[in-house]
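*Asks:* return a 3D structure for these sequence lines:
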Amino acid sequence: MKYKSIVLLPVFLAFMLLTAAAPVYAAGPTDIYVSPAGSDSSATGSLDAPYGSINEALAAAEPGDSIILRGGTYREGINVRVRMPDITIKSYEGEWAVIDLTTFDPGAEEDSGVYFDVDSSGGKLQNVEVVGGFYAVCLETKWDWGDPSDRAGASDIIIEGCKLHDSRYDVVKVKPNCNNVIIRNNEIYNSGQAFAGNVLNGEDNAEGIDNVNGDNMKVQNNYIHDICSNAVYAKGGATDVLIENNRIENAYGGGILVGFDTSPEFFDTAVNPSYYENIRCVVRNNLIIGTGWEGIGLYASKDAEIHNNTLVDVVRGGQYHSALYFGLSYQDWEDYAGRPANVDPDIHHNIVYQPAGTSRPMIEIRYSDELGGLSALDGDPVMNNNCYFVEGSGAVFEDRRPGSILENAGLSEWQAHIGGDSGSIEADPGLDSDYMATNPLCDGMGILSPAEATWPDEAPSTAEEGSSGAGTGANEGSASNDVGENCEVNDPPFVPLIVIAAAAAAAAVIILIISKRKKKD
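*Replies:* Numbering: from 1, shown residues only. Sure thing, here's the model as predicted:
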């Protein structure tokens, strides 16, 4: 029996050694709480001991953590800067947090309300209000840092359920190579506070959403209004952008611009040697009401698809361009820039409704003698099944290209001129209160579903500072009480070979001793 007990000893030792190195399940992503009533000096980041400032919470965070903001107003005195990947900033469920930079003057510095640094890919901003800042939200890039082998930008960023407004310049700035950005269900408004007091004509640079060479951006279900210049544009070679289901009102510049005019150093000529401003953009089911310039404009674009949009009272006051406009890109007048014409646009099933007294054309194709001659369109556009209507008068179409001049033409002349736009009509679409067409002749034209208020149409009530009150409002993506939502089990740690070897060696020695003792017996 004593030999049997000794034989079991190595097994016991091996078991003890191995279980000492058993898997340790590391803690998953952490929720770090912040409250206007919190204290940075005594905070642990828990719900009961929150930080008092967002930046202190970010300093304590690790990649994958969520910064949960209790209801109230945060005046950080500087921008909220995210410096690591996969960080989420969002309001506590049922409450509404406001990041207010209106009392902070960044001067010439790009100190934005929320700033996603170059290493912040995978970040999220959800159900938060951002007021002021150079930009309300900015995504940074290494594009112009001097290393052509590393031009990465903050990518895979999601901005949703937010109110973003009263920025000094653009509300949302997407810089080169900030790819795969999703901007959805937000209210975006009052850009260009740096130009307050100016006579606004769309020429000041303060867009609602300004994307320069960011690919695969999605702009969906936003309410964008009262914009100093253009509501949305994607330019500088931006590729595979989707702009859909947005309601745009009162932009002093254009509504949606597919391309525009970009300094040539921001183009990636390895993939875009012709300097197209935009490639394969899709613009669909957008409602655009009241612009100073075009409702939808195309500038040096390639393979754009524009369909099922409704444009109402655009090019107000006969200011610039036309309702649907083919424009020119000058690209800083640099000799080496491409400045291509628009190529192969596909424009169909749109509605343009203009009030009486409109003086600008429905469609204009521009041309300029500058720089040796610039044309806004190569060939003819692919167009069909659009509805045009001007109260009290006929729609007008114009083509400025030499050898293809068309002036003050009606719809039938336009159709013959381009050999297309078949199925298009000139009729009152009978827009209802949701701007949906009721005229059967316009069936399938214009927006196919109302641009409903999926953005936060009113800010949820802000709870008393530091309280846990459950207000009402946009809760999509907000903090959840579900156990496991923000936890993950990591792979068990590697058991060092030396531990296993030691266990095996100990067992071997004991077996050898036992074997020798048996022989002596």
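*Asks:* so Ser229, which of the three states?
*Replies:* Classification of Ser229 using DSSP: H, G, I helix; E, B strand; the rest coil returns coil.
*Asks:* again, but for the one 5 residues further on
*Replies:* Following three-state DSSP, the label given to Ala234 is strand.
*Asks:* hey, what's it bridged with?
*Replies:* As for beta bridges, Ala234 partners with Asn211, Val258 under DSSP bridges.
*Asks:* so it versus Thr310, what's the distance?
*Replies:* Ala234 is 20 Å from Thr310, where distance means C-beta to C-beta, to the nearest Å. Bear in mind the C-beta positions are built from the backbone N, C-alpha and C, glycine included.
*Asks:* these two: which has the busier surroundings?
*Replies:* Ala234 (32 against 28; other C-beta atoms under 10 Å).
*Asks:* can you tell me how far that one is from Asn177?
*Replies:* 14 Å.
*Asks:* so what sits against both of those two?
*Replies:* Shared contacts of Ala234 and Asn177, defined by C-beta atoms under 8 Å, 6 or more residues apart in numbering, comprise Gly214.
*Asks:* how about the contacts made by the one residue sitting closest to the centre of the chain?
*Replies:* Nearest residue to the geometric centre of the chain (C-alpha atoms, centre = their mean): Ile183, 3.4 Å. With contacts defined as C-beta under 8 Å, 6+ apart, Ile183 is in contact with 159-160, 172, 209, 217-220, 222.
*Asks:* name the helix or strand for it, please.
*Replies:* In this assignment (DSSP states H and E), Ile183 forms part of strand 182-184.
*Asks:* direction included, what does that strand pair up with?
*Replies:* Paired strands of strand 182-184, with direction, are strand 158-160 (parallel), strand 218-220 (parallel) (DSSP bridges).
*Asks:* okay, the ones you listed, which one's buried deepest?
*Replies:* Comparing the strands paired with strand 182-184 by mean neighbour count (mean count of other C-beta atoms under 10 Å), strand 158-160 ranks first with a mean of 23.
*Asks:* show the subsequent helix or strand relative to that strand.
*Replies:* Going down the chain from strand 158-160, the next helix or strand is strand 163-165, by DSSP H and E.
*Asks:* after that next one, which helix or strand is next?
*Replies:* On the C-terminal side of strand 163-165, the nearest following helix or strand under DSSP H and E is strand 172-174.
*Asks:* please enumerate the helices of this structure.
*Replies:* 2-20, 54-60, 411-418, 497-520 (DSSP state H).
*Asks:* for Gly338, grab phi and psi.
*Replies:* Dihedral pair for Gly338: phi -90, psi -50, per degrees, to the nearest 10.
*Asks:* isn't it right next to Glu277, touching?
*Replies:* No - under the criterion of C-beta atoms under 8 Å, Gly338 makes no contact with Glu277, lying 9.3 Å away.
*Asks:* so for these two, which residues contact both of them?
*Replies:* Common neighbours of Gly338 and Glu277, using C-beta under 8 Å, 6+ apart, are Ala300.
*Asks:* these two: who's more crowded?
*Replies:* In terms of neighbours (other C-beta under 10 Å), Glu277 is the more surrounded of Gly338 and Glu277; the figures are 33 against 17.
*Asks:* for the closest residue to the more buried one other than its chain neighbours, give me the pLDDT.
*Replies:* Nearest residue to Glu277, sequence neighbours excluded (C-beta to C-beta, 6 or more residues apart in numbering): Gly259, at 3.0 Å. Gly259 carries a pLDDT value of 98.
*Asks:* Leu298 is in contact with Gly259, correct?
*Replies:* Yes - counting by C-beta under 8 Å, Gly259 does reach Leu298; the two are 6.4 Å apart.
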